[in-house]
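Chemist: With the input below, show me the fold.
(chains A and B)
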Amino acid sequence: MILKTVLITALTLSSLMAITGEEIAQKVHDRDDGDNIVSNMKMTLIDKSDNMRVRQLKVFTKDKGVDTQKLMFFLAPADVKNTGFLTYDYDDSSKDDDQWLYLPELQKVKRIASSDKSSSFMGSDFTYSDMTKRNVKDYTYEIMKETMVDGYKTWQILVTPKSEKTIDETGYTKSIIFVRQDNFVIVQALNYIKAGNRLKYMMLTGLEKIDGIWTTTKIQMVTKKGKQTLHKTILEFSDIKYNQDLKESFFVTRTIEKGL
Amino acid sequence: MLHKVSIGLLFFLTCSNAQNIVEDDLGGFAAEIVKEKNVEISDDLAGFGEEVMLDSSTKNEDESIFSLGGNLAFKTSAGYKKHKVDGIEYSGINQAQTSLFIQLDSKLSEKWKMRISTNMFYDAIYDLYSHNNYSNDIKDDYKTQIRIDDAYIQGKINSRIDLKVGRQIVVWGKSDSLRVTDVINPLDNRLPGMTDIEDLRLSVGMAKLDYYFGKWNFSFIAIGENRIMIEAPPRSEFFPVDEIFPSAPNPFLELKIPSNSLNNMQYAMAANGVFSGWDLSFYAAHVLDQKWNFDNVQGSVPLSDITRVVNKIDMLGTAINIATGSWLLKSEIAYLSGVGYNSTADEKNRLDVLFGFDYMGIKDAVVSLEIVNRHIFNHEAQMRYQSDYVDKNEMQTALRFTKSYSNDTLNTSALLSMFGSSWENGGFARIWVEYEIMDGVSANVGIVDYIGGDRPFMEANKENDRVFADITYSF
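Modeler: Numbers count the residues shown, from 1 in each chain, chains lettered A, B, ... in the order given. Sure, this is the predicted structure:
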């Protein structure tokens, strides 16, 4: 028994030592992040004068094979209430995602050309690219070192886009990510923005295991220019429920047009 | 050897420098950790707010059947050029309007909901400048309003069928600035050029049944309310009748409002397909036209005996949009029959064709171009002049640019809408900036320039330029 334990430990350590950056990225991508998810999202926007704006959203997420479908409804504030956003996030990077936006004042569902994901998501520091999974094959990965983040051992990895197309699409020239070695969750990321000589710092400040799934409950994105903080966004997720009865027929333009 | 050493040293220094830069950049996390504590403090304080929100949520849960929202706004504008119509000078401040929009939503059951909304305003300028002796028509249209907009019940009959009954807006087509197949709802065009289409549509009483089948949605609509467009009253600041129709009678020609009856219903149907990367729609409608025309123009009828009517027209149309890269390409085609004109004895058929695109490849910005050509079949020579002023081919161009700044707190927009193949007929340009002061409170400032041209309506309004501002509280 002792010999077996030693052997397993040795093999595990050996495996971890030999793992490549791309393999880590693939594990991050493939990590079980749940399916048929319903949650509430609170988006707090903080400017450099510490003025706050708050958005409340209801989020529905469903996996469709390797693709992901997501529905978001704005609940507050009043001037964006009932705004709906529907996205089909295709894993195949050669295929543009489908995105639709419903604006109550238009009373119309409008398609969005989604090739450029570098624009701000609803005024936040997150881009549309940040809100979707990235295709592992579009990047190269270099393990810079192993380091500790909040008491957890992580890999520090330099992520570089392979093509100008990916840079244009995401708005980032490169990123440095910190992946926890025990669960393959990205807990920090530094994104170099192509335009404006700015950096974006992502920090996972709330992580819980819900129904056996590592779940982000709080995440922060800060945009900086040099040492100056330009803007900050905090996303908080609550009432997170997995394996809800979300049918594929729910993720259609009919739903965002009709509202909750 | 020295050269090799130098290269090696340079490489080492470069790597060291790059590493130092990275380390400096990564130091930003530490700074944020410190600031996170500040945020935590704020979060602690915000906890009170959250508790209040929770209380509100609790109240909402108890009262979840009803939801009341809306906005309160103050709007003002000022003409910066001399613009005199019917003896009234409209330069200087010409609007001081307080408006209130209220919307009541009720979730009647899991599948059914109800909405009622109302739009009210009072413009103090008509009392402040009462010495101008505004006509009753002008005061009726511009001074006060209490109007029911949406008033409907909607629900899901089953997994494939939705029903919506009452006063409502149905938007057809893929374009945003110009209308081709969007014929269901008339427009409120009392202030042309001042507002976007989404704020112009008038709700209409109808029953709409939607059937969903795979990627297709089929709509069947029966319209019982024969509501027509609202436009600037004759001899108001935007409708200087005497410059457009010389020798026009006073009061101007009566506009007959169509009656509501089972024999005078409007009907429409649509088929909408939503696919990966593209959408396709087909439309058919028997509805009221979006403009009036003179009634029964036969021979030499005295102008004073003519009335204005709104014809029923038939429309067959299609619309498509295709998302490719950062481009959203759009096109609409509509064939309209039964279109009435002022100077012809017979009705005309017309083919409207629109092409356009939205370009979303500029960060946080959208560039939109739409061009429509309206071809009138069996066009008659006199239609080019009074009282129709239309060519065989009427072209209109709308160019729009919008960009967001400062995380959507500042939104800038510019719109140029011109008539004629070379823009020779005139149009307008509007530039405006919206600033979000705080959650639920926004301010808007802008300028409208009316551009004169070969069309009398445009030429008559070319001095009606103005700056405008408003502040809105949404609740």
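Chemist: Centroid-nearest residue for chain B?
Modeler: Relative to the mean C-alpha position of chain B, the nearest C-alpha, by C-alpha atoms, centre = their mean, is the one of B:I197, at 1.6 Å.
Chemist: Please name the residues that touch it.
Modeler: By C-beta atoms under 8 Å, 6 or more residues apart in numbering or on different chains, the contact set of B:I197 is B:176-177, B:179, B:187. C-beta here means a position set from N, CA and C on the backbone, and glycine is covered the same way.
Chemist: Now do the phi/psi pair for the residue lying closest to B:Y385 once chain neighbours are set aside.
Modeler: Distances taken as C-beta to C-beta, 6 or more residues apart in numbering or on different chains place B:S343 nearest to B:Y385, at 7.7 Å, with adjacent residues excluded. B:S343 adopts backbone torsions of phi -110, psi 10, taken as degrees, to the nearest 10.
Chemist: beta partners of the closest residue to A:I112 other than its chain neighbours?
Modeler: Leaving out its chain neighbours, the residue that sits closest to A:I112 by C-beta to C-beta, 6+ apart is A:Q99, at 4.3 Å. Using DSSP bridges, the bridge partners assigned to A:Q99 are A:T87, A:I112.
Chemist: isn't B:L328 right up against B:I320?
Modeler: No: the pair B:L328 / B:I320 is not scored as a contact, 10.9 Å apart, by C-beta atoms under 8 Å.
Chemist: so B:M458 sits in a strand?
Modeler: No: with DSSP: H, G, I helix; E, B strand; the rest coil as the criterion, B:M458 is helix rather than part of a strand.
Chemist: if I pick the residue lying closest to it once chain neighbours are set aside, what's in contact with it?
Modeler: Nearest in space to B:M458, with sequence neighbours left out and distances taken as C-beta to C-beta, 6+ apart, is B:G426 at 2.9 Å. Residues near B:G426 by C-beta under 8 Å, 6+ apart: B:418-420, B:450-455, B:458-459, B:462.
Chemist: could you show me where the strands are in the stretch 151-260 of chain A, in order?
Modeler: Secondary structure of the stretch 151-260 of chain A (DSSP state E, counting those that start in this stretch): strands at A:152-161, A:172-180, A:186-193, A:199-210, A:213-225, A:228-241.
Chemist: what's the nearest residue to B:Y267 if we skip its chain neighbours?
Modeler: Spatial nearest neighbour of B:Y267, excluding adjacent residues (C-beta to C-beta, 6+ apart): B:H286 at 4.9 Å.
Chemist: can you check B:I161 too?
Modeler: B:Y211 (5.6 Å).
Chemist: For the one you found, list each beta-bridge partner.
Modeler: Taking DSSP bridges as the rule, B:Y211 bridges to B:I161, B:F218.
Chemist: how many other residues sit next to it?
Modeler: The tally of other residues near B:Y211 (other C-beta atoms under 10 Å in any protein chain shown) stands at 15.
Chemist: where does the chain dip in pLDDT?
Modeler: All of this refers to chain A. Along chain A, segments meeting pLDDT under 70 span A:1-17.
Chemist: not quite, I wanted chain B
Modeler: Where chain B drops to pLDDT under 70, the residues are B:1-21, B:30-64, B:297-300.
Chemist: switch the cut-off to 80
Modeler: Where chain B drops to pLDDT under 80, the residues are B:1-24, B:30-64, B:296-304.
Chemist: what helices or strands is the strand with the most length in it leaning on?
Modeler: The longest strand of chain B (DSSP state E) is strand B:92-107. With contacts taken as 3 or more C-beta pairs under 8 Å, 6 or more residues apart in numbering or on different chains; DSSP states H and E, strand B:92-107 sits against strand B:66-79, strand B:112-123, helix B:125-128.
Chemist: which residues touch that strand?
Modeler: Applying C-beta under 8 Å, 6+ apart, the set of residues contacting strand B:92-107 from outside is B:64-79, B:113-125, B:128, B:150, B:237, B:466, B:468.
Chemist: Buried ones only from these, please, as a PyMOL command.
Modeler: Listed next is the PyMOL selection for buried residues among the contacts of strand B:92-107, using 16 or more other C-beta atoms under 10 Å in any protein chain shown:
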select buried, chain B and resi 67+69+70+71+73+74+75+76+77+79+113+114+115+116+117+118+119+121+123+125+150+237+466+468
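Chemist: still on that earlier bit, might you calculate how far the helix or strand hosting the residue nearest to B:Y267 sits from the centre of the chain?
Modeler: Using DSSP states H and E, B:H286 sits within strand B:278-288. Distance of strand B:278-288 from its chain centroid, counting by C-alpha atoms, centre = their mean, to the nearest Å, is 19 Å.
Chemist: same deal with stretch B:466-475?
Modeler: 16 Å.
Chemist: Establish whether that stretch and chain A are in contact.
Modeler: Yes: residues of stretch B:466-475 contacting chain A under C-beta under 8 Å from any C-beta of the partner chain: B:472, B:474-475.
Chemist: Quick check: closest non-adjacent residue to A:G65.
Modeler: Per C-beta to C-beta, 6+ apart, closest to A:G65 is A:D91, 7.9 Å.
Chemist: isn't there a strand covering that neighbour?
Modeler: No: the assignment for A:D91 (three-state DSSP) gives coil, which keeps it out of a strand.
Chemist: ok, it - contacts?
Modeler: By C-beta under 8 Å, 6+ apart, the residues touching A:D91 are A:65-68, A:133, A:135.
Chemist: List the ones among those residues that fall in helices.
Modeler: Judged by DSSP state H, helices contain none of these.
Chemist: on that earlier part again, what are the phi and psi values at the residue nearest to the centre of chain B?
Modeler: With angles defined as degrees, to the nearest 10, B:I197 sits at phi -60, psi -40.
Chemist: ok, so what distance separates the residue nearest to B:I161 from chain A?
Modeler: To chain A, B:Y211 is 11 Å away according to C-beta to the nearest C-beta, to the nearest Å.
Chemist: What helix or strand is the nearest residue to B:G420 once chain neighbours are set aside located in?
Modeler: Distance criterion C-beta to C-beta, 6+ apart; nearest residue to B:G420, sequence neighbours excluded, is B:M395 at 6.0 Å. Assigned by DSSP H and E, B:M395 belongs to strand B:393-405.
Chemist: ditto for B:K164
Modeler: In this assignment (DSSP H and E), B:K164 forms part of strand B:161-168.
Chemist: Only C-alpha atoms, please: export that strand in PDB.
Modeler: Taking C-alpha atoms only, strand B:161-168 is exported to PDB below (Å, rounded to 0.1, in the frame of the first residue of the first chain):
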ATOM      1  CA  ILE B 161     -47.500  30.100 -30.100                       C
ATOM      2  CA  ASP B 162     -47.400  33.600 -28.600                       C
ATOM      3  CA  LEU B 163     -50.200  36.000 -28.500                       C
ATOM      4  CA  LYS B 164     -50.100  39.800 -28.000                       C
ATOM      5  CA  VAL B 165     -53.300  41.800 -27.900                       C
ATOM      6  CA  GLY B 166     -53.500  45.600 -27.500                       C
ATOM      7  CA  ARG B 167     -51.800  48.800 -28.400                       C
ATOM      8  CA  GLN B 168     -48.200  47.900 -29.300                       C
END
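Chemist: what's in contact with that strand?
Modeler: With contacts defined as C-beta under 8 Å, 6+ apart, strand B:161-168 is touched by A:254, A:258, B:148-157, B:203-212, B:225.
Chemist: Name the residues of the stretch 101-250 of chain A found near chain B, please.
Modeler: With the criterion set to C-beta under 8 Å from any C-beta, the stretch 101-250 of chain A comes near chain B through A:103, A:105-108, A:110-116, A:118-120, A:122-125, A:171, A:176, A:188, A:190, A:192, A:195, A:199, A:201, A:203, A:205, A:220, A:222, A:224, A:227, A:229, A:231-234, A:249.
Chemist: again, only this time at 6 Å
Modeler: With C-beta under 6 Å from any C-beta of the partner chain as the criterion, the stretch 101-250 of chain A meets chain B at residues A:105-108, A:111, A:113, A:115-116, A:118-120, A:123, A:188, A:190, A:199, A:201, A:222, A:224, A:231.
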